[in-house]
Structures are given as structure tokens and as C-alpha cells.
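Participant: Here's my sequence, what's the structure:
(2 chains)
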Amino acid sequence: MSDDRTNSETTRRDLLKVGAAAVAAGALAPGITLIAPAQARNPAEPASAKQRWGLLIDATKCVEGCTKCVTACNEEMGLPDHDRAATDPQYIRIVTVRDPETSYSKQLPVMCQHCENPPCVDVCPTTASFKRADGIVLVDRHRCIGCRYCMMACPYKARSFAHEVSTDQKPHNPRGKGCVESCTLCAHRVDAGRYPACVEICPTGAMLFGDLNDPDSAISRKVKEVSTATIRGDLGTKPGVRYVGL
Amino acid sequence: MAADKIRIVYRTLDTKASGYWGLLAAFGLLALIGAGAAYTMEHAGHWITGMNNHIVWGTPHVFAVFLIVAASGALNVASVSSVFGRDMYKPLARLSGLLALCLLAGGLAALLLDLGRPDRLLVTMTNINPTSIFSWNVILYSGFFAIVTFYLWTMMDRSVGRFYKPAAMSAFIWRLILTTGTGSIFGFLVVREAYDAAIMAPLFIAMSLAFGKAIFMLVMLAAYTWTNRPLGTVVLTRLQRLTGIMVAATAYFLAIQHITGIYAAEHRAYEAWLLTGGTIYTSLFWLVGVGIGIVVPLVLLLHPQMGGNRVAIVGASIAVLVGGLAHIYVIIIGGQAFPMVLFPGMEVSSAVFDGVVAPYAPSLPEVLLGIGGIGVALLLLTMALGALRFLPESLADAVVAPNHVPTATDTSLEDGTDDASPNAVAAPAE
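Facilitator: Have a look, this model is predicted:
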């Protein structure tokens, strides 16, 4: 249903662009979406600091009007759509950035940036917001008291508050009313050796997921090759999400 | 000399009077309405309020922060008497301490009942995060209750009177740290254009002194007028002038905060939006916050011809409180409404309010929860005044300032408990 909505909002030309880009991405970088980022982690083992999971988003490949990553995220995480934009949960959003000097504009997805120095973790009064050893920033739904201080502190507006009772929840993403939530980098998938849902669905291969600590990973090689940047890098949060073409 | 010693007799409110029970009923009703609002919000979820993913702290937080800040300031009357040796205020110290406790309780009630999961409050005690200012505040608020309660105990029980001075000093220092902590909740938020300023801490301290004294004067006037107890002009006028100075201090810190913002290019857009943007926040800031909250009280509190004028004092106190609520509203909600800068120098837009002023309108449950917090504070205050001897029987000039003009501080009430007074009632009511 959500896909239908996406398609209805996308022009035929955009679809052609997306399709062409998808074919190109599939031909040029087959390893990006078809090979697992790592072996599945034994559920009995804790996350390891040997990995630093990261995401590289190529804004130049993000196709105007495409919201497939948002839709995939909503489906994967069981996020409802009550048609209330202000209170509905949103783990990823598409932000259009326009240079007022030149009128050049582009769109890119923004989600939890999985910071190395996450302000949300600093301010959380109950340590419910925490960073895993592998760099993924999560909310412990059993400890969150719903104070929303993390939402005040997040520089990326990446967090949502569960404003209402949620039905049809996914087992891997329990959504208790009154708790704060955000992108988990699909930790449940990553732990199983799979890619995050947004990465998997991206038709242009604009999102590259991998281990930034592994010098041989595709993402590590890519960030060495091309100029990348983080959002509000001046704040010193050291996000795990980097962008090309910012 | 014994002849110079102030004779203070403390008496409870007449708990058999119908007016007393009327007050209890009225404040109890407010508290109940607040509880009902909280239940509604918790049951349905916060989507029924005006709060959302962009304005995450709403009207309950405005009331809560206002009451918490005022609590710290209400204690100032006691501090002035015991830390700064102004004996004229000493008979008011018990009420000052009590009012501080009640205001803090009311503020925390509104704050905690707005949590997404208030049932998990104990988690804040079992999982303390040393880097969280909220965690610090859990300790600061709990400590405030403990220290001020002990401070009151040293005032009311001669057996612990030797701890009076250390308790007074501890309470004074603690409340300064507490308000610093409250201001720093916002001051440390580096990413928000409206905050990210160390001056938030002293600004909150100045506001606390103004709000707390305004509430104190209203409570004192109501208590003495409604119970027909003598209330002299001298101490009232001193409080009036002192409150005026605190309002001026608030104006000073506000001015510095915004002038600094205007000067710094990165904050200029926010300042232009707030001060000249023509939004509801602009009107609240200038008309209610500055006009009613600062200009009107400054005239009513500091004009030479207004000294001791009770109508002026009541009007000014109400104006300080209304203006103060507006300032807190602008700080908390206006600060969140202004779009966060994701990409400096660029224009941003999205389907979820990036690059635009976030929407917010206070909902009824939020307002009622906030008012419920006030109800809790006043209910606790009324109950305590009826149960224990906090209020002096008389605050007539001859009692509190027998040597007034020009050497009001010449009265020789000794430091320590009220043992100095032969008629002092030091023990709690039976």
C-alpha cells in the first residue's frame, strides 16, 4: 500500500531514472547489496568494538521524489501511519536541501546518525539511550521513561516519541507507548548478517552499509576514495553516517 | 539585650474555619483535575496533546519549570534572614522554606506526570547517568527536599538548633546549584539556536528570585489578610523593593542574553524571528514577558510612591508571575519551534517540518496538568499551615522591626532558633 503511494507520487520520468540507475547500480556494484556485511553474530555474544557499523549515503544518487527507503523502514520496523505528520513515528525522513545562493537543490535521507559521541546518550537520565560496542545507538525500551530530553538534544531531529498505542508491532521492534524510538540501523538484521532495510531497498545503490573498522570493507574503501562529510560535523558528534555530495 | 529581642509567636491556621476547608477543597479540586488530565494523556497517549515530535516539551513543562524555578526563589526570604543576617525576615523564614518545598513538589508533580512512562520513575534512581543534567537534577531536587526540611526542623525544634546556621548555608548554596541545574538543562543544549548559552543559568537564578518572591508576597498577603493577622508595612515594603531589584536583574540577564544572540551571527536568525518575527512568540515576549512581566512590576515595585501599597504589591506580583510564565513559554516552546539548523547556510524542507516553525498549540489536558501542579503546591501549603506552626501570629511593625528606621537591622534577634523569644513556639503542633 505504501509502495503504491510512493509510485503515485513519482512521475514516469523519475521512475525511468530510478530504473536506469538501479540497473546501473546492479551492474556496477553488485557486491553492495548482494553480499552480507558480516557473518551473523551468535545471539549469545555481545556486540563487539571490532566493528564500527557505518552508512555512506551518496546524495548525488538519491533520486528526487523517491521515498522507498522511508517506506521500507516503516514496513520493516512496523511504524504506523495515522496521517498525523507531527506525531507519527519517523525513523528516516527525506530532506530537501537547497542552496539559496545558487538555487541548486538535492534530497537525501536523514536518520539517526549513530554518533560516536551521541548527545542523546549524554543527556539520558536513565541510560536508556545507549551506544552498542559496534557503534549502533539504541533506546532500551525497558528503561526509557519518556522524558524526551534526548529528542531535545539530538542535532538531527532523528528521534520520535511513541505518541499512541501501537498494534501490529514487529517482534524485533517493540514500540511501547510513551517511549522514545529511532533508527536502529536495523540492528536485528545486521546481527543476522543482513543489510538494513533502507540499504537493501535503495534502487540506485545510494546507500552503502558496512564496517568502518574493516579496511577491506566496501564502505572503508569508498570513504578513502571520495570526499565525504557528516551532517553538522562541527558539533563533534562524529556520526557513523557519512554523505557524498553534501 | 533581652528587651530588644523580637517576640515571635507562631500559630497554625484555624483548621475549624470554613474558609480553610474551602481553600483545601478548591486546591484539592485543582490537583484532582490535574491528575485527571494526566490520566487522560497517559491513557490515550500524547498525541491528544499539542506536543509532537518537534515540540517535545509543552505547556506542562512551562508550568513545571516555572514552579521549580519559583521554589528556589521562595527560599530566598529565609536565606536573607539566616545567611545575610537580615533579622527582619527571620519570622518569615519558616513560611519561606515551606513554600519552597510545596512549589517544588507541585512543579515536579506536573513534570513527572507528563513523562511518557511516569510509572518508571524509580528507574531514575536505579540507573543514574552521571553525564545527564536530568540525573543531576534528580539528585538536586531530592537533596533540596531533604536539606530544606532539615533547615525547617532546625528553625522549629530547639533540640537541633545548633545545626541552624549550617543548614541555612547548605540550603542557600544548594538552591543556587539547583537553579543552575535547571537553567543548564537548556544552556547545555548546544544544538538549539535558542539555548546553547551559559547565561541561562544566572538568568534562571534571577527569574527564580523574582518569581519566588512574588509568590511569597501573594501567599503572605493572602494568609494575613484572610486570617485577620496583623501585617506591618515595613517588612512588606522591604520585600516589595527586593522583588523589584530581582525583576530588574531578570531584565538585565534577558537583555544580555538577547544582545549576545543578536551579536553572534549564528544566533541572529533566531533573535530576528523571536524579537521581530510577528509570531505568537514575539507577542508573548514583548507584550506579556517584557511589558507585563518587567515594565509594570518595576514601576509598581520600585516607584517611591508605591512603597507598602498593597494593591500595587498584589498587582505587581501577579504581573511578575504572568510575565514569568510567558518568558518560560517563549524559552521552552519558542526555542523548540524555531527550525533546527541541519545544514548551515542552506534551506531545508521535508514532509516533517524541517526548515519551518514547528506547529504547537496548547491542549486542554496540558493546561489542566500544569494548573494541577499549582493546585498540588497550594494544597500542600494549606495543609501544612493548618498542621504545623509556620505562620507568626503577628507581623506588625512593632513585632518584626521594633527598631525600624533607619536602623532596621539593629534588632538583636540572635542567630539560631527562636529560643531567643520567650513566647516562641518551637515545637510542632500536636
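Participant: now B:Leu92, what's its secondary structure?
Facilitator: With DSSP: H, G, I helix; E, B strand; the rest coil as the basis, B:Leu92 sits in helix.
Participant: ok, and the closest non-adjacent residue to it?
Facilitator: Of all residues not flanking B:Leu92 in the chain, B:Val77 sits nearest, at 5.0 Å (Cβ to Cβ, 6 or more residues apart in numbering or on different chains). (C-beta placed from N, C-alpha, C; glycine too.)
Participant: measure that neighbour to B:Ala398 for me?
Facilitator: 20 Å (Cβ to Cβ, to the nearest Å).
Participant: in the chain, which spans are strands?
Facilitator: Since you didn't name a chain, this refers to chain A. Here chain A has its strands, by DSSP state E, at A:53-58, A:93-98, A:105-110, A:129-131, A:137-139, A:160-161, A:180-181, A:207-211, A:228-229, A:241-244.
Participant: oops, I was thinking of chain B
Facilitator: Going by DSSP E, chain B shows strands at B:10-11, B:347-350, B:391-392.
Participant: ok, and which of these has the densest surroundings?
Facilitator: Of all the strands of chain B, strand B:391-392 carries the top mean neighbour count, a mean of 25, counting by mean count of other Cβ atoms under 10 Å in any protein chain shown.
Participant: more neighbours, B:Val77 and B:Ala398?
Facilitator: Taking other Cβ atoms under 10 Å in any protein chain shown, B:Val77 and B:Ala398 do not tie; B:Val77 has more neighbours (28 against 13).
Participant: ok so, going back, what's the closest of the strands of chain B to B:Pro60?
Facilitator: Nearest to B:Pro60 among those is strand B:347-350; the distance by Cβ to Cβ comes to 27.6 Å.
Participant: mean confidence score for that closest one?
Facilitator: Across strand B:347-350, pLDDT averages out at 96.
Participant: In its sheet, which strands sit next to it, and in what direction?
Facilitator: strand A:93-98 (antiparallel) (DSSP bridges).
Participant: Report the mean per-residue pLDDT for the strand it pairs with.
Facilitator: 97.
Participant: what are the ranges of the helices in the stretch 251-400 of chain B?
Facilitator: Counting by DSSP state H, counting those that start in this stretch, the stretch 251-400 of chain B has helices at residues B:265-276, B:280-283, B:296-302, B:310-329, B:335-337, B:364-387, B:397-400.
Participant: meant to ask about chain A, not that
Facilitator: Using DSSP state H, the helices of chain A run over A:2-9, A:12-28, A:30-34, A:68-77, A:119-123, A:149-153, A:187-191, A:197-201, A:218-225.
Participant: Am I right that the residue nearest to B:Leu92 is in contact with B:Tyr89?
Facilitator: Yes. With contact defined as Cβ atoms under 8 Å, B:Val77 counts as touching B:Tyr89 (5.3 Å).
Participant: Overlap of the contact sets of these two?
Facilitator: B:Ser96 (Cβ atoms under 8 Å, 6 or more residues apart in numbering or on different chains).
Participant: quick one: least confident helix or strand in chain A?
Facilitator: helix A:2-9 (a mean of 39; mean pLDDT, DSSP states H and E).
Participant: What does the pLDDT read for the residue of the stretch 1-150 of chain B found nearest chain A?
Facilitator: At 1.8 Å from chain A, B:Gly116 is the closest residue in the stretch 1-150 of chain B, using Cβ to the nearest Cβ. Looking at B:Gly116, its pLDDT stands at 97.
Participant: isn't it right up against A:Val139?
Facilitator: No. Under the criterion of Cβ under 8 Å, B:Gly116 is not in contact with A:Val139, lying 11.3 Å apart.
Participant: and for those two, which residues touch both?
Facilitator: Taking Cβ under 8 Å, 6+ apart as the criterion, B:Gly116 and A:Val139 both touch A:179-180.
Participant: State the distance from the nearest residue to B:Leu218 once chain neighbours are set aside to B:Gly244.
Facilitator: Nearest-residue entry for B:Leu218: B:Ser317, 4.8 Å, with adjacent residues in sequence omitted and distances by Cβ to Cβ, 6+ apart. For B:Ser317, the distance to B:Gly244 equals 11 Å [Cβ to Cβ].
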